[in-house]
Every structure is written in C-alpha cells, then in structure tokens.
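K.L.:
Build the 3D model from these lines:
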Amino acid sequence: LIAGPILRYREIAHLLEERRISRQGFAEGIIRFTIGLSKKMLIANTLGATADAVFNLRVQNLDASLAWLGLLTYTLQIYSDFSAYSDMGIGLANMFGIRFPENFDYPYVLVAAHTYINVKFFGVSGVRKVIVGKKGWLYYDAHEAQDGIGFAGWQGKIPYSKAQLTAIERNLEAQKVWFDKRNIILIVIPCPDKHSIYPEYLPWRFKG
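P.N.:
Here you go, the predicted structure:
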C-alpha cells in the first residue's frame with residue numbers, strides 16, 4: 001500500500017488523461033522509487049525498531065531519557081515513512097508518465113522557520129545589514145564600518161577623516177552653485193538615524 005503523496009483527485013484528474021511515457025521520465029521514476037524504498041528500509045524501519053524496543057520496555061525500566069528517545073524516534077519514523085512512501089508513489093507515477101505534486105517541497109517554510117528561530121532566540125538576522133535590537137527592534141546599518149556613517153561612526157569609534165570631510169564640503173559647494181544658477185535655495189538638513197534616536201534598544205554589542 002502506497003501511503004503518499006497526499007493528493008486530491010481534481011489535482012491529478014487531468015494528469016491521468018494527458019500522461020506521456022518517456023524514457024527519461026521512466027528513468028527518473030526508477031531513481032525516485034529507489035530513493036523512497038531505501039529511505040523506508042534504511043531510515044524509517046531502523047527508527048521504528050528503536051521506537052518499538054523502547055515502547056516494549058516495562059514501566060519500571062523506563063526513565064525520562066528513554067521515553068524521550070522513544071518519542072523522538074517514533075516521530076521521525078512516521079515522518080520518514082510518509083516521505084518514503086511519497087517518493088515511491090511519485091516515482092511509480094513518473095514511470096507511467098504522470099507528474100504528481102510534491103508534498104515535501106516547502107523550502108521557503110523551512111527558511112522562514114530558521115530565520116524566526118535565529119531572530120527570536122539568538123538575536124541574529126539572516127540579512128547582514130539588519131541588526132536585531134531589544135524588544136524586537138530592527139536597525140539597518142547600510143554603510144561599511146570605515147565610512148564614518150555606520151554604527152561605528154555614530155559611536156565615534158571611526159569618525160570621518162579629514163579627506164572625507166573635505167570631499168563632502170566640495171560636493172555641497174558644487175551642488176549649491178548648480179542650484180544658485182537656477183534660483184533654487186539649497187537647504188541641507190542632517191537627519192539622525194534610528195540608532196541615534198533610540199540607542200536604548202540597540203543590542204549590547206553596540207553599546208559603549
């Protein structure tokens with residue numbers, strides 16, 4: 001009995017009528033079926049044997065670590081069983097020219113879960129320039145450390161060099177000349193960054 005993949009008839013009804021058998025599809029089906037069979041025999045059955053051994057123990061011989069081992073191996077056995085049967089079902093369908101949808105093709109869900117765990121429990125963002133602060137605050141450090149504009153520059157650790165200040169001054173003067181020729185008033189207003197307005201929510205590594 002093939003216990004996967006999970007499908008609705010309306011999802012595959014047109015596939016049964018439009019199936020095309022090819023050598024490539026047949027070969028891919030054999031490979032996929034072999035992978036599923038190997039997963040069932042080598043992984044799921046091994047996990048199941050361990051789970052059965054734990055569940056067959058008498059209560060007086062069962063401690064917390066063994067109970068958790070049985071629970072974990074049984075959970076993984078169920079997942080591996082279904083994954084293996086799905087591979088076998090998809091492989092058989094491919095051999096007969098039918099392409100079943102994947103039940104385990106959810107990489108974005110896994111990436112989202114991984115990102116959530118890193119942000120929630122470790123305070124680490126998956127994006128290099130996004131800094132995770134306290135109470136879920138996010139900061140964006142769009143500049144390199146040595147340019148004097150990023151977090152290090154705001155803390156005064158790496159301020160602007162004289163050459164950088166001269167370049168900024170010349171650039172502003174050139175812009176003023178361009179605007180003056182067009183009777184436009186140029187007003188320069190330095191805007192503070194989020195990390196300078198709310199420094200109390202910065203992570204500890206950016207303090208001091």
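
K.L.:
CA atoms for contacts and neighbours, from now on please.
P.N.:
OK.

K.L.:
So Val54 is in contact with Trp68, correct?
P.N.:
No: counting by C-alpha atoms under 8 Å, Val54 does not reach Trp68; the two are 9.5 Å apart.

K.L.:
Of these two, which one has the most company?
P.N.:
Ranked by neighbour count (other C-alpha atoms under 10 Å), Val54 and Trp68 place Val54 first, with 20 against 12.

K.L.:
So which elements touch the host helix or strand of that one?
P.N.:
Per DSSP states H and E, Val54 falls inside helix 45-55. With contacts taken as 3 or more C-alpha pairs under 8 Å, 6 or more residues apart in numbering; DSSP states H and E, helix 45-55 sits against helix 64-95.

K.L.:
for the helix it packs on, packing partners?
P.N.:
Right, helix 64-95 is packed against helix 23-38, helix 45-55 by 3+ C-alpha pairs under 8 Å, 6+ apart.

K.L.:
The ones you listed into a markdown table, with extra columns for distance to Lys134 and mean pLDDT?
P.N.:
Listed next are these as a markdown table, based on distance: least, C-alpha to C-alpha, whole Å; pLDDT from 0 to 100:
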| stretch | distance to Lys134 | mean pLDDT |
| --- | --- | --- |
| helix 23-38 | 45 | 88 |
| helix 45-55 | 41 | 92 |
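
K.L.:
Looking at the ones you listed, which is nearest to Gln175?
P.N.:
Using C-alpha to C-alpha as the criterion, the shortest distance between Gln175 and the helices and strands packed on helix 64-95 is 63.7 Å, found for helix 23-38.

K.L.:
chain center to that closest one, what's the gap?
P.N.:
Centre-to-centre, helix 23-38 and its host chain are 29 Å apart (C-alpha atoms, centre = their mean, to the nearest Å).

K.L.:
Kindly report the same for stretch 49-58.
P.N.:
35 Å.

K.L.:
if we look at that stretch, which residues are touching it?
P.N.:
Leu62, Leu66, Ala67, Leu69, Gly70, Leu71, Thr73, Tyr74 (C-alpha atoms under 8 Å, 6 or more residues apart in numbering).

K.L.:
what's the domain layout of the chain?
P.N.:
As given by automatic domain parsing, the domain ranges for the chain are 9-105, 108-206.

K.L.:
what's the most buried one of the ones you listed?
P.N.:
Among the domains of the chain, the stretch with the highest mean neighbour count (mean count of other C-alpha atoms under 10 Å) is domain 9-105, at a mean of 17.

K.L.:
returning to that earlier point: lowest-confidence stretch among the domains of the chain?
P.N.:
Note on these: lowest mean pLDDT is at domain 108-206, with a mean of 73.

K.L.:
how close does Asn163 get to Glu169?
P.N.:
One thing to correct before we go on: residue 163 is Ala, not Asn. Computed as C-alpha to C-alpha, to the nearest Å, the Ala163 to Glu169 distance reads 10 Å.

K.L.:
Quick check: neighbours shared by these two?
P.N.:
Counting by C-alpha under 8 Å, 6+ apart, nothing touches both Ala163 and Glu169.

K.L.:
before we move on, the earlier item: turn the helices and strands packed on helix 64-95 into TSV, columns for distance to Asp180.
P.N.:
Compiled in TSV, the helices and strands packed on helix 64-95 are given as follows (distance: least, C-alpha to C-alpha, whole Å):
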stretch	distance to Asp180
helix 23-38	70
helix 45-55	78
